[in-house]
Each structure stands twice: as C-alpha cells, then as structure tokens.
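Chemist: From the sequence below, what's the structure:
(4 chains)
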There are 2 protein chains.
Amino acid sequence: MNTAENIIQWMNMLTERGCRQTDARRKIIEVILTTSRAMEPFEIFEIGRKQYPGLGLVTVYRTLEKLESLHLVQRVHQPGGCNMYIRAASGHEHLLICTSCGQAVYFSGDDLTQFMSTVGSQFGYQVSDHWLQLFGTCQNCQAQMQREALSKSTEEVECGKKSG
Amino acid sequence: MNTAENIIQWMNMLTERGCRQTDARRKIIEVILTTSRAMEPFEIFEIGRKQYPGLGLVTVYRTLEKLESLHLVQRVHQPGGCNMYIRAASGHEHLLICTSCGQAVYFSGDDLTQFMSTVGSQFGYQVSDHWLQLFGTCQNCQAQMQREALSKSTEEVECGKKSG
DNA sequence: TTAAAATTGATAATGATTTTCATTATCAAT
DNA sequence: ATTGATAATGAAAATCATTATCAATTTTAA
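Modeler: This next block holds a predicted model:
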C-alpha cells in the first residue's frame, strides 16, 4: 500500500469511529506516514505547518490522542523521554531504534510469547502484556561513523595533529 | 544483605562518587529499599517526610537523579506514565510489574541476549541495549479478584441482585 | 442549502520538573 | 573539638510540555 492509500485508510478509520475528516488531521497523518522515525508532537507540528500553515499544535496533540486510541500510532519510550510517537506496530512487533539518527524499524517478536508467560508463572504472575525495545546503530550511521573515524586518522597523518 | 547494610552500601557509593552523606539522602534511600514497587518522586517524598519532616520534594528529585546516574535506581516505564522509580536491576534483569498493585519483581533475561543481536543483524543494526518489561497480575491480586468474584456471585444468590 | 455538532486554533491554565538562592550541614584539615 | 570551604538543602519562583476553555469555523447528514 502506498502512502496516499494509507492516508485514506487512516482517515476512513476515523470516520468509522464517528470522527470527521479534516485537513488538519490529514496533514498530521501524512507527516507520520512519511517519516520513519519517532517524533515529538512539536516536531510533527513544525513539519506539518510548512505545508498547512494554519495547523495548531493543540490539534496535533488531540489528533495523536485519537490515533493512539485507534492503535494507529503508539508512544515510543526512550531514555531521553517518552513523548515521541510513531506509526503503531501491527500485531506482535517491536521497535528497533537507532540511537544516533532515530531511524526505527519493526521486527517480529512472536518467538518471545512463550518465554513471557513462562517467566510470569515462575513468579506466580499472570502476564498480560509486554514491552520490548531494542536500541542500536543503523547501517547508515555505522558507515557514517566509520567514515568519520577514517577521515580523522587521515587528518592526523597529513597534518601531524593529535586528536583530543 | 539486609536493608540497613544496603543503605550503608548505597551511601558509601555516594561518597565514592564525591557526594556527601546526608540525612535526607539516607531517608530517601531507605524508602526506596523498603518498598518493592515503583514510586513517583512525590510518593517517596510523602513517605519519607513522615519520619523526616524537614524533607523537601526538590531534594527527592535531586537524589533520584544522582542515584540514577549511579545505576542504583532506574526509571520505570508504564502505560500511565514514566515518572516512577525503583531500585535498579543487577545486570541482565528485567521488570515484571503487577498492573493492579504495582508490585514488581526482577527476572533474568540472559537467554534473550542472543535473540537481540540476531534480530539486529537482520536489519543491519548493531544492537547495544534493550528494554524489556512484563505486565501482569501478581498472585495476591489474582486471589483478591477471585474472592471478589466469589462474594459477588454469593451476593446475587443471597439477595437476588444482579451485578451492573 | 441548512443547521446541528464536531473540530479548530488562540489563549489561558495546569502541573510536574528545574532553577535560583539564601541558609544549613558535611567533612577534611587543623 | 573547631574551622572553613563547599556541597546540599528547602522554599519559592521559573520553565515547559500538556490540557482545558471558548468563540469561530468546518464538516456532514438531512
């Protein structure tokens, strides 16, 4: 499914829930669907109003709340804060986030379901939900870092400088 | 190790880091070490000042920040918010939290380490860290719910009431 | 087209967390 | 035990993300 179809689909889900289709919501959804990393409300607001100047920050908050209740977006928890949003996982998926650029991908965590309930029963708990998130460095950022390290060592050779 | 010894140990870790040992910190640490669930700063403040009336809320915030940087406490992320703290995990442990009473226990997640890096390499990511948290109902709360369900059905029989 | 109702965005209010700052407590050196 | 440098404290004020208010606008079903 392409982005345009995806936007229509999300808008229709709003309609099904008894909500109205508005330009503000369409733009907010577009921003979310065309960005592959988690964003703060203010960031969505800033990107969105470039193409839709009337957009208000409060509307972004309200729309995110609505989309979250429809399980179309989800909050992302990170060491630096928990106020970012990204399109929601489909089923038993979990996030893998680049700590350098924020790029996020979903991976399947089906194989963990058994482990979860086993752990729970060991402590007498009835496990109903789990959160799993991986942090690391994406391919781009790994390459970038490698380039930087290389150019740095070259500099040292050429100029006789020491890093520090 | 008992609580008293544990408090001394934490206080000494503050000293090692160049911090001073104060009554406020001692009381805050005691509250954390004698409670087996995550607490908000204000909750720690309220419990602490019962025995140490001078305690200030700001000091609780500052102490938590310091203890977190020493990896003695950690922030707990929950659907309802991420402003609770609990003693930190030792090594590869993860939290299992009761969604009813907040009771928390740590379980070992060693067996997941392999899974994590495998998943990462599938997407070209170099995984450096992971978050895992389980939610469920603890034994006490399960029993409690069962009792409530029982007494409710008994009521119905005795009084002929319908639940609603 | 019309009118009811949902939505919007500007503004004000809220509440958790931080900063400020004068006072107090700690602790190594005496 | 005393001292003095300075870390730590707590009260109050400031900050900042989020939420509530409300009049104006937009959407949608009829």
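Chemist: Can you classify the nearest residue to residue A:11 once chain neighbours are set aside as helix, strand or coil?
Modeler: In space, and not counting its chain neighbours, residue A:11 is closest to residue A:21: 4.9 Å by Cβ to Cβ, 6 or more residues apart in numbering or on different chains. C-beta coordinates here come from the backbone N, C-alpha and C atoms, glycine included. At residue A:21 the chain is in coil, as set by DSSP: H, G, I helix; E, B strand; the rest coil.
Chemist: Quickly note the distance from the closest residue to residue A:101 other than its chain neighbours to residue B:125.
Modeler: Residue nearest to residue A:101 in three dimensions, not counting chain neighbours: residue A:141, with 5.4 Å by Cβ to Cβ, 6+ apart. Distance, residue A:141 to residue B:125, by Cβ to Cβ, to the nearest Å: 9 Å.
Chemist: Of the two, which one has the most company?
Modeler: More neighbours surround residue B:125 than the other of residue A:141 and residue B:125, with 25 against 18 (other Cβ atoms under 10 Å in any protein chain shown).
Chemist: partner strands of the top strand by length along chain A, parallel or antiparallel?
Modeler: Assignment by DSSP state E gives strand A:126-137 as the longest strand of chain A. Strand pairing for strand A:126-137, determined by DSSP bridges: strand A:93-98 (parallel), strand B:126-137 (antiparallel).
Chemist: List the buried residues of that strand.
Modeler: Using 16 or more other Cβ atoms under 10 Å in any protein chain shown as the test for burial, strand A:126-137 gives A:127, A:130-137.
Chemist: of all the residues you listed, which comes closest to residue B:73?
Modeler: residue A:131 (19.0 Å; Cβ to Cβ).
Chemist: can you tell me which residues contact that closest one?
Modeler: A:77, B:77, B:131-135 (Cβ atoms under 8 Å, 6 or more residues apart in numbering or on different chains).
Chemist: before we move on, the earlier item: what is in contact with residue A:141 and residue B:125 at once?
Modeler: With Cβ under 8 Å, 6+ apart, residue A:141 and residue B:125 have common neighbours residue A:98.
Chemist: nearest to DNA strand C, of the strands paired with strand A:126-137?
Modeler: Nearest to DNA strand C among those is strand B:126-137 (18.1 Å), distances taken as Cβ to the nearest atom of the strand.
Chemist: That closest one: what's the following helix or strand?
Modeler: Scanning forward in sequence from strand B:126-137 by DSSP states H and E, the next helix or strand is helix B:139-159.
Chemist: now the angle from that next one to strand B:126-137?
Modeler: For helix B:139-159 against strand B:126-137, the angle by axes from the mean of the first three to the mean of the last three Cα atoms, to 10 degrees is 30 degrees.
Chemist: Enumerate the positions of helix B:139-159 that are buried.
Modeler: B:141-142.
Chemist: What of stretch A:65-84?
Modeler: Quick answer for stretch A:65-84 (16+ other Cβ under 10 Å): A:66-67, A:72-78, A:83-84.
Chemist: quick one: is that stretch near chain B?
Modeler: Yes - with Cβ under 8 Å from any Cβ of the partner chain as the criterion, chain B is reached by stretch A:65-84 at A:77, A:82.
Chemist: Stretch A:146-153 now?
Modeler: No - judged by Cβ under 8 Å from any Cβ, stretch A:146-153 stays clear of chain B, getting no closer than 11.4 Å.
Chemist: mean confidence for that stretch?
Modeler: Stretch A:146-153 comes out with an average pLDDT of 86.
Chemist: again, but for stretch A:31-51
Modeler: Stretch A:31-51 shows a mean pLDDT of 97.
Chemist: Would you mind measuring from the closest residue to residue A:42 other than its chain neighbours to residue A:49?
Modeler: Of all residues not flanking residue A:42 in the chain, residue A:57 sits nearest, at 6.5 Å (Cβ to Cβ, 6+ apart). Distance, residue A:57 to residue A:49, using Cβ to Cβ: 9 Å.
Chemist: what does residue A:144 give?
Modeler: Applying Cβ to Cβ to residue A:144 and residue A:49 gives a distance of 30 Å.
Chemist: do residue A:90 as well
Modeler: Distance check for residue A:90 against residue A:49: by Cβ to Cβ, it reads 29 Å.
Chemist: same question, residue A:82
Modeler: 24 Å.
Chemist: Would you mind confirming that residue A:47 makes contact with residue A:33?
Modeler: No - in terms of Cβ atoms under 8 Å, residue A:47 does not count as a neighbour of residue A:33; the distance is 12.0 Å.
Chemist: contacting residues around residue A:28?
Modeler: When contacts are counted by Cβ under 8 Å, 6+ apart, residue A:28 touches A:44, A:48, A:55, A:59-60, A:63-64.
Chemist: Any buried residues in the host helix or strand of it, and which?
Modeler: Element membership of residue A:28 [criterion: DSSP H and E] is helix A:23-33. Neighbour-count burial for helix A:23-33 flags A:24-33 (criterion: 16+ other Cβ under 10 Å).
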